[in-house]
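Sequence plus predicted model, see below.
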Amino acid sequence: MGSKDQEGGIFGWRNWTLPDEWTTIHKDRTPIAPKENDFGHHGSGPQWNFGEVPVLGSDRNPVKHTNLTIADHLLRYWTPFLKTFFTDMGANIMTAQGLRCGDFEIRAMECIEYYGSKQGMTACKDWYDDFMECQLGAKQRLRMRAMFKKRHVDMHLEYLQGKRTWDETYEKPPKYHAYVEPWYNEKWSHLEHAQQ
């Protein structure tokens, strides 16, 4: 009996881990190689395997789609065939100006304007990647999924195996007044008392 406890229990269950293939982490981290002569994808752009269900926002995953360039996203900036007063009025719909990513867009577009469209694809990649991350949040989503798996799957499994205690695994909920700004008024201060 002592040897089973040292080895990790029956069938070694204390040493089991959950493989990444069972979650979306494996799909997020596995790059898709670009395919030659793929129908529907000319040049660069997101590539999908047959039978794969795309997860929201995974088409801009820089780890999975290694062939993405800033040219794929620049295609949305188009010049109208006929320039009129109405096309000028509706031009702000396609931009991020006035929103939280407006500064990133201005820096990226000014860089591309300075270097030109051909050289700007490489010289302005960092500026444009920052703009794309601000708009789409692909890297933030990857970090969030990895942290969720670590906290809610791996740590829970370690708790079940006896490697962690309850306090190490789960945080205590915040106190009921944790998100409320304390209010103080001299007139009613004699009625206030310390919260327990």
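Looks like it arrived, so ask away. Numbers count the residues shown, from 1 in each chain.

measure the residue nearest the centre of the chain to P62 for me?
Nearest residue to the geometric centre of the chain (C-alpha atoms, centre = their mean): R141, 1.7 Å. Shown here: R141 relative to P62, a distance of 11 Å by C-beta to C-beta, to the nearest Å. In short, each C-beta sits where N, CA and C put it, glycine included.

Low-confidence ranges, the chain, go.
Scanning the chain for pLDDT under 70 picks out the ranges 1-7, 34-57, 75-80, 92, 180-184, 189-196.

Quick one: the helices in it, in order.
Assigned helices in the chain, in chain order: 2-7, 24-29, 70-74, 85-89, 102-115, 117-123, 125-136, 138-148, 155-161, 166-169 (criterion: DSSP state H).

Of all those, which one comes closest to T17?
T17 lies closest to helix 155-161 among these, at 7.2 Å (C-beta to C-beta).

Next, the distance between the ends of stretch 68-84.
34 Å (C-alpha to C-alpha, to the nearest Å).

typo on my end, stretch 162-172
Chord length of stretch 162-172, first to last residue, is 19 Å (C-alpha to C-alpha).

same check, this time on stretch 91-103
17 Å.

just stretch 143-163 next, same as before
With C-alpha to C-alpha as the measure, the ends of stretch 143-163 fall 25 Å from one another.

Give the buried residues for that stretch.
The neighbour-count check on stretch 143-163 (16 or more other C-beta atoms under 10 Å) flags 145-146, 149, 155 as buried.

With stretch 164-177 instead?
When burial is assessed from 16+ other C-beta under 10 Å, stretch 164-177 yields no buried residues.

Give me the contacts around that stretch.
155-156, 158-159, 195 (C-beta atoms under 8 Å, 6 or more residues apart in numbering).

Pull the contacting residues for I25.
Each residue near I25 by C-beta under 8 Å, 6+ apart is listed here: 145-146, 149.

what about 10 Å?
For I25, the set of contacting residues under the criterion of C-beta atoms under 10 Å, 6 or more residues apart in numbering consists of 18-19, 142, 145-146, 148-150, 153.
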